[in-house]
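In: got a structure for you, letters missing:
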């Protein structure tokens, strides 16, 4: 694929290419070489000691038993109302996770209520995940935005 665009004396080209290499688990670095079309200007970026992190937090899931969670308002300055399809059971809770999968807030649900309040005003602005947990299992995961 080739893509070219000109904007006020600036242009770029994108080329897809295949990179062949032999995998070696001992290597933990990446080198990126950037050159202009005439090879007259180049930049090299080297990244060393790369570690890839993954998270087991899915972006959106929900259980058919509980249904999808409603979150209002979203985005919010920190006070969220969580609307559930069923009343909360004993031992169920909410967790707010950051984008790295770290738990930031954990709150027990109010048993018997379908609407739950969560105060996240202490969080920095940004995106988070809200997990609903019941009987020790993650039942639903939704995105939150704190303004």
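Out: Received it, and whenever you're ready, just let me know what you need. These figures come from a predicted structure and were not determined experimentally.
In: From here on, just use CA atoms for contacts and neighbour counts.
Out: Noted.
In: And the residue nearest to residue 138 when sequence neighbours are not counted, how far from residue 90?
Out: For residue 138, ignoring the flanking residues on the chain, the nearest one in space by C-alpha to C-alpha, 6 or more residues apart in numbering is residue 132 at 5.9 Å. Computed as C-alpha to C-alpha, to the nearest Å, the residue 132 to residue 90 distance reads 13 Å.
In: Neighbour count: those two, which is higher?
Out: Taking neighbours as other C-alpha atoms under 10 Å, residue 132 and residue 90 compare with residue 132 leading, 26 against 13.
In: Which strand or helix spans that one?
Out: Per DSSP states H and E, residue 132 falls inside strand 126-134.
In: what sits up against that strand?
Out: With C-alpha atoms under 8 Å, 6 or more residues apart in numbering as the contact definition, strand 126-134 has outside contacts at 59, 89, 91-99, 138-147.
In: Can you say which of those are buried?
Out: 92-98, 138-146 (16 or more other C-alpha atoms under 10 Å).
In: Nearest to residue 108 among these?
Out: residue 93 (4.2 Å; C-alpha to C-alpha).
In: Hmm, that closest one is touching residue 105, no?
Out: No. Using C-alpha atoms under 8 Å, residue 93 is not in contact with residue 105, being 10.4 Å away.
In: Could you list the residues in contact with the strand or helix carrying residue 82?
Out: Using DSSP H and E, residue 82 sits in strand 79-83. For strand 79-83, contacts defined as C-alpha under 8 Å, 6+ apart pick out 69-74, 114-121.
In: Now render those as JSON lines, adding pLDDT and distance to residue 85.
Out: Output for the contacts of strand 79-83, formatted as JSON lines (pLDDT from 0 to 100; distance: C-alpha to C-alpha, whole Å):
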{"residue": "69", "pLDDT": "85", "distance to residue 85": "7"}
{"residue": "70", "pLDDT": "89", "distance to residue 85": "9"}
{"residue": "71", "pLDDT": "92", "distance to residue 85": "12"}
{"residue": "72", "pLDDT": "92", "distance to residue 85": "14"}
{"residue": "73", "pLDDT": "94", "distance to residue 85": "17"}
{"residue": "74", "pLDDT": "91", "distance to residue 85": "18"}
{"residue": "114", "pLDDT": "92", "distance to residue 85": "7"}
{"residue": "115", "pLDDT": "94", "distance to residue 85": "9"}
{"residue": "116", "pLDDT": "94", "distance to residue 85": "11"}
{"residue": "117", "pLDDT": "95", "distance to residue 85": "15"}
{"residue": "118", "pLDDT": "94", "distance to residue 85": "17"}
{"residue": "119", "pLDDT": "94", "distance to residue 85": "21"}
{"residue": "120", "pLDDT": "94", "distance to residue 85": "22"}
{"residue": "121", "pLDDT": "94", "distance to residue 85": "25"}
